[in-house]
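Undergrad: Can you look at this prediction? I've put the sequence above it.
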Amino acid sequence: MKVVLFFEDGNWEELEDRWEFRGGIGGLKIILVEEEISLRGLIDKIYAKLGLSKDTMDLVLSYTPPLNKKCSPLVLKDDEDVAALLACRSDSTCKIPLGVTVESTEVCAYEKSGQESSDDTDDSHDGSHDGFRDNYLDVDYCDSEPTDVGSSRQTLLVFQNVEHTSNDNGASATQPAEGNPPVDPLLQLTGAGSDEPANVPTIEASDSTFSDGSNLHEGKYFNTKKDLKRKLSDIAMKGNFEFRTRKSNRSLWVIECIDPNCSWRLRASKIVPESTKFVIRKYVGVHSCSLLNRNANHRQATYVVIGEQVAPQYVGVEKGPGPKGVQTFARTELGAQISYYKAWRGRKHAHTLIRGSPEQSFHVLPSYFHMLEKLNPGTVTRIEVDGESRFKYLFLAFGVAIRGFRYMRKVVGIDGTFLKGQYRGVLLVATAQDGNGQCYPLAWGIVDSENEDAWTWFLTQLKEIIGDTDELALISDRAPSIKKVISTVFEKAHHGACAWHVAQNIKNKFKCADIMGSYWSAVNAYKCEDFAGYMIEISNRYPRVAEYLENEVGFEKWSRCHYPGLRYNITTTNMVESLNSMLVNARDFPYVALLDVIQEKMSKWWNDRRIVAMALTTPLTPSRESQLRPRFAQSNGRHTSQLNPVTYHVKGGELEGVVDIFNKTCICKEFDIDKLPCVHAVAAAHHAQVSVYSLVSPYYTKEYYVLAYGETIYPVGSQSQWDVPNEVVARIVLPREVKDKKRGRPKTSRFPSVGEFRKRKNRCGKCGAYGHYKKKCNSQTGSTEGNPPTNVPV
């Protein structure tokens, strides 16, 4: 026995108690199939009957089971599903509708980038809407025949229990099985089988209507309901009109103009229940409402929509527009007037779209570190969590920087700066300085705060990658936690205090800013005799300051000549402060986004400096070459005499010098500390016919400069390209617990350090510019010169 299948244009619709198939105007069609037909065979027959190409069209078959309760349509996925469907006909006296979705393989969708497909057409509906009824949207239909690859339709196959017989002439005929009605009421609903299409309301032209300016049309597909809503919100904002939702669920969305008398409306639904794609079933894109109902401050201008529209302006930049810039964007590009708070929330949402959420950042952190280690061999990463798997600390040191540290002077500056994101924290940095005087970041860490436990953990990780030797010098501020931890973790290294922070403490504690000249001279003195003279000046004027520097701070911590180790010309932590300043905008990013910025900066530095190093034509780095050249010119007038094969006496100038070119020392101590020939050493080298470059520390040479930046730091790429083991993906890292948020606007700038004063710029009351007063303003802004008096009629 064979089965006769009738089908016609139409679509599924979800009602209160059931799913129902609504027929359209395409007319009834019929095919004959075997009871044992396969899914592939059934689909091939439908392709042949409809005259569709398998290369450009896809078919999806679905039906609702004959149960006594509401069930969503089921999709046929294999031969067993087809057999089950055909078996239902012998157990059911009702018709079993099978929906056949005909979908183009090149469906027209509104992509997330907001761009429209090239096959969009402007199907504006003409005509008057005076007789328009709300129930017009209750009749769904699609075009009866697809005209191009952008078209699509749904069809209905109605199974009837029939037997296949032959008439006297041998022709095939179909008869309804016993007990079944001869005519399907569902087919009568739309007048299927008739040559004339069903009656559909028409709209006649009117001068009182206007289009919404979009190119939407019935049958247009969207990947998701969210994409459709975003597109309509964009149209509403640009058209300065509002719409409201009449009905909305997971499978249906019906909207209309905010004016109940307006004809503009749209109805969209899923192509099949299990799909995410939405198709426009009905669309009237012409307004018949008054212009009084069109405004720029409407409900569709939500912070989510604003954020999605402005998000591209934050791609590839660290800062992007602020809230006021978002307000300007919404006004000029979207035609929407929004508040400052909504602009702030929209900006925050845009950041989330581009850089991810803070919670997601913790989740992907193990996978991110795995990819960094995989793409950058030798990279060291650590993540510390508490007993509840909540984040505590992280540590990152690129393998390239670890290997390059051997070509750096062994002076490391360490400091921390606060983060401004939702989960706050402190960013810890350890950096060296290359032979050209540039920052050379070694390690990064994120901790909860600058406390003793956090510094101990960070410095322990740092010790594993740089070691602990007498040659190593660690420079930091005078925070008690750092001072105590350094002496505990690094037993051999020497600790030095940042001279700038010491100066700030002096100014704040003793109110003696006028002594700073003598203080900095003492800091930079190479000879202890000179240092003693400056300290006498300080002691004579401010004895308490001299006592503070000697006993509480200690000469060996801040004085260049008394330092027990070798800190070269590095007396402050400016190299660390430079890194903190570089990240001023990125410090409110989620952790992974912040680390991405760090990686990007370091990758660029390594590449740029490698290019500079390879192009050098001198033996030394540019900054050291510029220091040495003036000294060579000054040495020409010096008188040099040889004392022994390696020692020379240099006279002339303000100071005399005795230079040992073998041990690379001079009694002026400048050669000893900086490891760069002083004027005396240059004169001695010239007299001994020795290359002055042979007296320079190798850390300043082109060779070391090239080797330090000879490798590349690689990015991890898009998350979709990551190849991460399951055990890494399964690792749980939860966000840290934060204290209750304080009321008011979050603070994004730190309090000034002790002794730090921020000069406030003067703002002109006339032109609004900074840097001068109104009386000294040269601007003609606001001038009434040449204008007639306002109280005299013209």
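TA: All right, it came through fine. Numbers count the residues shown, from 1 in each chain.
Undergrad: Need the pLDDT of Trp462.
TA: Wrong residue type there; residue 462 is Leu, not Trp. pLDDT for Leu462: 95.
Undergrad: That one should be in a strand, yeah?
TA: No - using DSSP: H, G, I helix; E, B strand; the rest coil, the secondary structure at Leu462 is helix, not a strand.
Undergrad: isn't it right next to Val429, touching?
TA: No - the pair Leu462 / Val429 is not scored as a contact, 10.5 Å apart, by C-beta atoms under 8 Å. No exception for glycine: its C-beta is placed from N, CA and C like everyone else's.
Undergrad: Identify the contacts common to those two.
TA: Ile414, Ala443 (C-beta atoms under 8 Å, 6 or more residues apart in numbering).
Undergrad: which other residues reach stretch 309-318?
TA: Looking at what lies outside stretch 309-318 - C-beta under 8 Å, 6+ apart - the contacts are 114, 234, 320-321, 326, 329-330, 333-334, 346-347, 349-351, 353-355, 585-586, 597.
Undergrad: could you give the mean pLDDT of it?
TA: 85.
Undergrad: biggest helix in the chain, by residue count?
TA: helix 591-615 (DSSP state H).
Undergrad: tell me the mean pLDDT over that one?
TA: Averaging pLDDT along helix 591-615 gives 94.
Undergrad: go on, stretch 424-438?
TA: Rounded mean pLDDT across stretch 424-438 is 93.
Undergrad: What of stretch 507-515?
TA: For stretch 507-515, the mean pLDDT works out to 86.
Undergrad: How far off centre is that stretch?
TA: 45 Å (C-alpha atoms, centre = their mean, to the nearest Å).
Undergrad: which intervals of the stretch 1-150 of the chain have sub-threshold pLDDT?
TA: Within the stretch 1-150 of the chain, the ranges that satisfy pLDDT under 70 run 1-14, 16, 20-29, 55-57, 67-69, 89-97, 101-150.
Undergrad: redo that, cut-off 80
TA: The model of the stretch 1-150 of the chain has pLDDT under 80 over residues 1-33, 35-36, 47-75, 84-150.
Undergrad: ok, now the stretch 351-500 of the chain?
TA: In the stretch 351-500 of the chain, residues with pLDDT under 80: 478-481, 483.
Undergrad: which residues touch the residue nearest the centre of the chain?
TA: Residue closest to the average C-alpha location in the chain (C-alpha atoms, centre = their mean): Arg355, at 2.2 Å. Applying C-beta under 8 Å, 6+ apart, we find Arg355 in contact with Tyr314, Phe589, Pro590, Ala593.
Undergrad: redo that, cut-off 10 Å
TA: Contacts for Arg355 were tallied using C-beta atoms under 10 Å, 6 or more residues apart in numbering; they are Tyr314, Val315, Ser361, Ala586, Asp588, Phe589, Pro590, Val592, Ala593, Leu594, Asp596, Val597.
Undergrad: Same check on Glu80?
TA: Leu39.
Undergrad: Summarise which helices and strands the longest helix of the chain is packed against.
TA: Judged by 3 or more C-beta pairs under 10 Å, 6 or more residues apart in numbering; DSSP states H and E, the packing partners of helix 591-615 are helix 340-355, helix 358-375, strand 391-397, helix 399-404, strand 426-433, strand 439-447, helix 574-582, helix 702-708.
Undergrad: Out of the ones you listed, which is closest to Ser518?
TA: When the helices and strands packed on helix 591-615 are compared by C-beta to C-beta, helix 574-582 sits nearest Ser518, at 21.0 Å.
Undergrad: Any chance you could list what contacts the closest one?
TA: Applying C-beta under 10 Å, 6+ apart, the set of residues contacting helix 574-582 from outside is 318, 411-418, 427-434, 437-441, 444, 475-477, 498-500, 573, 587, 597-598, 601, 750.
Undergrad: from the contacts of Arg355, which would you call buried?
TA: Applying 16 or more other C-beta atoms under 10 Å to these, the neighbour count classes Tyr314, Ser361, Ala586, Asp588, Phe589, Pro590, Val592, Ala593, Leu594, Asp596, Val597 as buried.
Undergrad: Which residue comes closest to the fourth one once chain neighbours are left out?
TA: Nearest non-adjacent residue to Asp588, counting by C-beta to C-beta, 6 or more residues apart in numbering: Lys420, 3.8 Å away.
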